[in-house]
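Undergrad: this one's structure only:
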């Protein structure tokens, strides 16, 4: 009896220990990223000349916000003759197209209820540009979401990155509605952490970054070689990043180019969006995971780590937490129903579940607090809310667990998120001045 108990207890402990060691070994490098960011600053660069860019905006019923984005592009500290704005009004039933035209954009209406998603809309926009404006000599294409607002120096700073040889680059993603509630704050902190403690570290270490949703450019020759926007999975941004790294294209990061993004404020919208992201990550992992593993072995040295980093980004690491919890719940259930020894076994499994969830919450709190304090001046909110949302951030991240589980089994469809927070670039400048006072 005692030997059987020790055997069962040993099995549970070994399983939990192996999962913990695996997770630690796989993601420990991100702790090194934090050290890099805190001790080293990115190299400053300058541009020798200005380049010509095309802006692509995919918009579906975005009449409330698209005018502010285009306005923020039109008031850039960058020659306006070198920026052309194109909007694909994707299956719109409102005045998005009209408002975009009045704001100074070139609009391509698109009506297609079969190929639904941002990737298809961007491909349509790109093909229209090539057909109608192919002789304009665009050197790179920027991608923004309709709810974005840009800092006035955005293009000037991104031009420096492009002029220094980058074939693709992402930018500093801030939030225009951090203080709406704990949900929008959770998003904001996550994206600030991604910009600061992932992409900035990658930039400093001269490895490849990853584009995330909005606020990036891709060189014209990359898109021409691809024959258009060929990335159509649910997370087309991560698919592009993965494909680029496998092909040996380094994605840069510009920490001085600031973009403000609107975040969902209802849990239903947040669930739908993050459910699509989770499903999209599974799709990318299934399609490109084996090629990333191969890339770790055969790519040039600089891209071996980039392949590993991207593999860890798209790998379902959340499932390790889920598997550990489910495994210990199963052991707990078997013990309580008499199929396994009780007593110590119950205590071991119960403590393992608590330990797993507690560690996850503590880890998320530490990252959230670190990000909040180091990016304090860039977060537009009161000190009280910044402190409060440090404690709700781990809870926001905890809700990813049921989302990740459901995404394993349920089919995902592209569901648009309604944007309604109309904020101009001048509003942010005024807010900065008030905060300084």
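TA: Ah, there it is. The structure displayed is predicted, hence computed values, not measured ones. Residues are numbered from 1 along each chain as shown.

Undergrad: and the longest strand seen in the chain, what does it pack onto?
TA: Counting residues, the longest strand found in the chain (DSSP state E) is strand 252-261. For strand 252-261, the contact count by 3 or more Cβ pairs under 8 Å, 6 or more residues apart in numbering; DSSP states H and E identifies strand 149-150, helix 154-163, strand 168-175, helix 200-204 as packing neighbours. (Glycine included, C-beta is placed from N, CA and C.)

Undergrad: which residues of the stretch 151-300 of the chain score low on pLDDT?
TA: Judged against pLDDT under 70, the stretch 151-300 of the chain has no low-scoring part.

Undergrad: got the confidence number for residue 44?
TA: Per-residue confidence for residue 44 comes out at a pLDDT of 91.

Undergrad: report the separation between it and residue 147.
TA: Using Cβ to Cβ, to the nearest Å, one obtains 31 Å as the distance from residue 44 to residue 147.

Undergrad: could the helices and strands packed on strand 252-261 be laid out in JSON lines, adding mean neighbour count and distance to residue 388?
TA: Shown next, in JSON lines, are these (neighbours: other Cβ atoms under 10 Å; distance: least, Cβ to Cβ, whole Å):
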{"stretch": "strand 149-150", "mean neighbour count": "27", "distance to residue 388": "25"}
{"stretch": "helix 154-163", "mean neighbour count": "23", "distance to residue 388": "30"}
{"stretch": "strand 168-175", "mean neighbour count": "26", "distance to residue 388": "16"}
{"stretch": "helix 200-204", "mean neighbour count": "22", "distance to residue 388": "26"}
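
Undergrad: and of the ones you listed, who's closest to residue 81?
TA: Nearest to residue 81 among these is helix 154-163; the distance by Cβ to Cβ comes to 12.3 Å.

Undergrad: can you tell me the closest non-neighbouring residue to residue 82?
TA: Leaving aside its sequence neighbours, residue 82 sits nearest to residue 52 (Cβ to Cβ, 6 or more residues apart in numbering; 4.7 Å).

Undergrad: now the longest strand of the chain and helix 154-163, what's the angle there?
TA: 160 degrees (axes from the mean of the first three to the mean of the last three Cα atoms, to 10 degrees).

Undergrad: packing partners of the helix or strand that strand 252-261 is followed by?
TA: Next along the chain after strand 252-261, taking DSSP states H and E as the criterion, comes helix 267-298. Judged by 3+ Cβ pairs under 8 Å, 6+ apart, the packing partners of helix 267-298 are helix 182-194, helix 236-246, helix 301-314, helix 400-409.

Undergrad: kindly recompute the last result at 7 Å.
TA: helix 236-246, helix 301-314, helix 400-409 (3 or more Cβ pairs under 7 Å, 6 or more residues apart in numbering; DSSP states H and E).

Undergrad: re the thing from before, okay if I get the helices and strands packed on strand 252-261 as a markdown table plus distance to residue 264?
TA: Output for the helices and strands packed on strand 252-261, formatted as a markdown table (distance: least, Cβ to Cβ, whole Å):
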| stretch | distance to residue 264 |
| --- | --- |
| strand 149-150 | 17 |
| helix 154-163 | 23 |
| strand 168-175 | 11 |
| helix 200-204 | 25 |
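
Undergrad: and stretch 128-137, what's buried?
TA: The neighbour-count check on stretch 128-137 (16 or more other Cβ atoms under 10 Å) flags 128-129 as buried.
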